[in-house]
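Colleague: From the sequence below, what's the structure:
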Amino acid sequence: QVQLVESGGGLVQPGGSLRLSCAASGFTFSNYAMSWYRQAPGKEREFVAAITSSSGSTNYADSMKGRFTISRDTSKNMLSLQMNSLKPEDTAVYYCRARGPYYVYWGKGTLVTVSS
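Modeller: As a prediction, the model looks like this:
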């Protein structure tokens with residue numbers, strides 16, 4: 001049974017930091033490219049960051065570059081997203097996604113609220 005379980009969301013003040021985690025199980029984590037997406041209230045889901053399965057190369061949406069860092073720990077089947085210098089517009093539900101040769105899996109999301 002495939003599971004992607006996000007955690008680490010919460011309320012943070014503007015300028016603050018949060019670290020999101022995504023625990024993966026039920027598939028061969030090392031074979032899957034992993035990414036984070038987010039969906040703000042009333043908006044479409046958008047790409048945040050991605051990391052490849054092999055080389056660990058990373059890619060970010062322009063508005064996240066320099067503030068967010070994606071990483072993976074294959075030994076723990078864990079994906080992370082370090083978010084710094086958070087802004088109110090970063091408020092959204094953040095989703096973990098796994099993309100393999102044949103399947104794409106999604107987690108249920110974790111809510112991040114940036115507000116004073």
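Colleague: From now on I want contacts and neighbour counts done on CA atoms only, so please keep to that.
Modeller: Fine.
Colleague: Other residues contacting the helix or strand harbouring Arg38?
Modeller: Element membership for Arg38, per DSSP states H and E: strand 33-39. Residues from elsewhere that reach strand 33-39 (C-alpha atoms under 8 Å, 6 or more residues apart in numbering): 45-53, 79, 81, 92-100.
Colleague: Among these, which are located in strands?
Modeller: Members of these lying in strands (criterion: DSSP state E): 46-51, 79, 81, 92-99.
Colleague: circling back to that earlier point, tilt between the strand holding Arg38 and strand 92-99?
Modeller: Interaxial angle, strand 33-39 versus strand 92-99 (axes from the mean of the first three to the mean of the last three C-alpha atoms, to 10 degrees): 150 degrees.
Colleague: circling back to that earlier point, ok, of the ones in strands among the contacts of strand 33-39, which one's closest to Trp106?
Modeller: Arg97 (4.6 Å; C-alpha to C-alpha).
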